[in-house]
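>>> Structure here, sequence nowhere to be found:
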């Protein structure tokens, strides 16, 4: 107990999470009389997990895209297609960010790559400053529920459920978030309903032509995965190689000499996630052996009997969790424990996954450790509290959408094969 | 003094270059191997049985080397409250403590994984059909030792800054 409190304290003081998790696993193993060598075996178990290669490959492809001029081209295409609507630019921002986040895995690069283009553009178009800041900050994690985002893949790997089906489950809930945020944007700017520009087939064609090299990407990645032609890890390999060839050798927007630096930078996040995954394999194994999920379940059933109230409890728990832990650590650490509990309350595995990720998306926007708040504060030179206040209305809307996703299971399960 | 800092600088540069080179090679090899496997599957309905396992080993190696790189750049996932809300002067002491703890944990983990490697040699474990497993796994203790060294360095430099602020400033120039 004292040791546990000490570990929590160390974690709060900023000890690398993998060391804290490793320590907790060691204490557990020691108590059970298991040789500590077993932890090494668990970490090496990273090499035994299916689909995991998708994580480094998609992350690398995403970083490469964000360093090229693909973000500008994406904004041009989206504004050519959506810009004619009243409040067009706000919708453009939401759509482009969601798309880009899905492809770059919600690691914060969206705010840096797209926010830098959209924030000044929104301002120039006469949108209120706080609205712009909130919109751009929120959009940084908006495409989280769309394939092939990293959290979805990691969740599938950890929960041992079909990643392809998880991708399908995320589509409608992700669209719901987009629609609600889009509606809010239109309502806020109801007095400034100028379209961004008139619709023109010529501009659409020109914008599409400019992005001709990137257009095939979503088609073969999403088409390939949804049709079952590619496994997720295969799609990731093809994407990474394709993006590499296009951005470095055909468009030459990234010099060959810059490539090692881009690779390194993208892999920093991957290393951080996977080492935590490795030590978590050890700690969850211990906790499952020690019957922690059953104890938790016994504790919870004392207070909660219905699925509805369980879900609400889960919602509160995930809000707190998301405010402290990043989404990747949270998936790896918490999902194995709540899976058996949620199953007891009859929550569908895929529904649980979407609820979990949607709720954790809120964590990007809540202090004290919301990643998007810090990136936006740094990138746009505003104080954290300022960014938080600007983001708050968007956070409320996302919360509403998470509650809808939570209590409307069919929204997640609609597109799944039955 | 300048000679030791010169050596430290060189170690730093070489270390970074080595990590980058390893990541480039592994990531590149993983991409090519995985794509080659797809091409073989689609056009020749054929595949190397060892390729999947090798890709998974690449993932493990990338994970380990990237973790070492993440320690160098101070980018491990952590609950980052202190550095955002507490002035640098006051966050130094907790940081010294957590870095010392991290170094200690890496050392313990390295020791136990080394013990596992020895066992694996003794039992002639293999990966990829008949390749000695310890060659594939040796990177685990090695990377943990490197991470331990990283955390010790950070811990030491923060100690220096806390107790001899003037000298530490002079050194970094």
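Received, thanks. In this text, all values refer to a predicted model and were calculated from it rather than measured experimentally. Numbering: from 1, shown residues only, chains lettered A, B, ... in the order given.
>>> Quick one: low-confidence residue ranges for the chain.
Looking at chain A here, since you left the chain open. A:106-107, A:193-196 (pLDDT under 70).
>>> sorry, should have said chain B
B:1-4, B:165-173.
>>> Which residue ranges make up each domain of it?
Domain assignment for chain B by automatic domain parsing gives B:1-77, B:79-173.
>>> Okay, and residue 92 sits in which element?
You didn't pick a chain, so chain A it is. Taking DSSP states H and E as the criterion, residue A:92 maps to helix A:88-104.
>>> meant chain B, my bad for not saying
helix B:88-122.
>>> Can you name the element that comes right after that helix?
Downstream of helix B:88-122, the first helix or strand assigned by DSSP H and E is strand B:126-127.
>>> picking up where we left off before, could you dump the domains of chain B into TSV and include mean neighbour count and distance to residue A:328?
In this view, the C-beta of every residue, glycine as well, is placed from N, C-alpha and C. TSV is the format used below for the domains of chain B (neighbours: other C-beta atoms under 10 Å in any protein chain shown; distance: least, C-beta to C-beta, whole Å):
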stretch	mean neighbour count	distance to residue A:328
domain B:1-77	17	7
domain B:79-173	17	13
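>>> To chain A, which of the ones you listed lies closest?
domain B:1-77 (2.6 Å; C-beta to the nearest C-beta).
>>> and the closest one, how far out from the chain's middle?
Put simply, domain B:1-77 sits 10 Å off its chain's centre (C-alpha atoms, centre = their mean, to the nearest Å).
>>> at contact distance from chain A, anything in it?
Yes - interface with chain A: domain B:1-77 contributes B:19-21, B:23-24, B:27, B:30-32, B:34-35, B:37-38, B:53, B:55-60, B:62-71, B:73, B:75-77 (C-beta under 8 Å from any C-beta of the partner chain).
>>> Surely residue B:78 is in a helix?
No - when classified by DSSP: H, G, I helix; E, B strand; the rest coil, residue B:78 is found to be coil rather than part of a helix.
>>> show me what contacts it?
A:11, A:14-17 (C-beta atoms under 8 Å, 6 or more residues apart in numbering or on different chains).
>>> What strand or helix carries the closest residue to residue B:129 other than its chain neighbours?
Spatial nearest neighbour of residue B:129, chain neighbours left out: residue B:50 (6.0 Å); criterion: C-beta to C-beta, 6 or more residues apart in numbering or on different chains. Counting by DSSP H and E, the element that carries residue B:50 is helix B:49-72.
>>> That helix to helix B:88-122, inter-axis angle?
Helix B:49-72 and helix B:88-122 meet at an angle of 150 degrees, taking axes from the mean of the first three to the mean of the last three C-alpha atoms, to 10 degrees as the criterion.
>>> on contacts alone, who are the packing partners of helix B:49-72?
Applying 3 or more C-beta pairs under 8 Å, 6 or more residues apart in numbering or on different chains; DSSP states H and E, one finds that helix B:49-72 contacts helix A:54-67, helix A:259-289, helix B:2-44, helix B:139-163.
>>> quick one: which of those is nearest residue A:391?
Proximity to residue A:391 (C-beta to C-beta) singles out helix A:54-67 among the helices and strands packed on helix B:49-72, at 21.5 Å.
>>> Just want the angle from the closest one to helix B:2-44.
Using the same axes, to 10 degrees: helix A:54-67 against helix B:2-44 is 110 degrees.
>>> you'd agree residue A:209 is in a helix?
Yes - checked against three-state DSSP, residue A:209 lies within a helix.
>>> ok, now which ones touch it?
Contacts of residue A:209 (C-beta under 8 Å, 6+ apart): none.
>>> Quick check: it vs chain B, distance?
27 Å (C-beta to the nearest C-beta, to the nearest Å).
>>> what's the answer for residue A:134, then?
For residue A:134, the distance to chain B - C-beta to the nearest C-beta - is 19 Å.
>>> Can you give me the neighbour number for the nearest residue to residue A:301 once chain neighbours are set aside?
Excluding the flanking residues, the one nearest residue A:301 by C-beta to C-beta, 6+ apart is residue A:344, at 7.9 Å. Other residues lying near residue A:344 total 15 when counted by other C-beta atoms under 10 Å in any protein chain shown.
>>> Any figure for the gap between residue A:344 and residue A:292?
As judged by C-beta to C-beta, to the nearest Å, residue A:344 and residue A:292 stand 14 Å apart.
>>> Rebuild the helices and strands packed on helix B:49-72 as JSON lines, extending it with distance to residue A:386.
Formatted as JSON lines, the helices and strands packed on helix B:49-72 follow (distance: least, C-beta to C-beta, whole Å):
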{"stretch": "helix A:54-67", "distance to residue A:386": "25"}
{"stretch": "helix A:259-289", "distance to residue A:386": "27"}
{"stretch": "helix B:2-44", "distance to residue A:386": "36"}
{"stretch": "helix B:139-163", "distance to residue A:386": "30"}
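>>> Might you report the residue contacts of residue 103?
Reading this off chain A. Residues in contact with residue A:103 (C-beta under 8 Å, 6+ apart) are A:58, A:61-62, A:65, A:143, A:148-149, A:217-218.
>>> oops, chain B please
Shown in contact with residue B:103 (C-beta under 8 Å, 6+ apart): B:148-149, B:151-152, B:155.
>>> Then residue A:351?
Shown in contact with residue A:351 (C-beta under 8 Å, 6+ apart): A:169, A:409, A:412-413.
>>> what do you get if the cut-off is 6 Å, keeping everything else the same?
A:409, A:412 (C-beta atoms under 6 Å, 6 or more residues apart in numbering or on different chains).
>>> swap in residue A:105?
Residue A:105 neighbours (C-beta under 6 Å, 6+ apart): A:58-59, A:62, A:149-150.
>>> measure it to residue A:335 for me?
17 Å.
>>> Same check on residue A:382?
34 Å.
>>> quick one: which of the two has more around it?
Applying other C-beta under 10 Å to residue A:382 and residue A:335 shows that residue A:335 carries more neighbours, namely 22 against 19.
>>> which residues make contact with the helix or strand harbouring that one from outside it?
Using DSSP H and E, residue A:335 sits in helix A:327-344. The contact list for helix A:327-344, computed with C-beta under 6 Å, 6+ apart, reads A:17, A:151, A:154-155, A:158-159, A:273, A:276-277, A:280, A:284, A:293, A:296-297, A:321, A:352, A:360, B:77.
>>> Counting by contacts, list what the helix or strand harbouring residue A:235 packs against.
In this assignment (DSSP H and E), residue A:235 forms part of helix A:232-244. Applying 3 or more C-beta pairs under 6 Å, 6 or more residues apart in numbering or on different chains; DSSP states H and E, one finds that helix A:232-244 makes contact with helix A:54-67, helix A:216-226, helix B:2-44.
>>> Okay then, goodbye and thanks.
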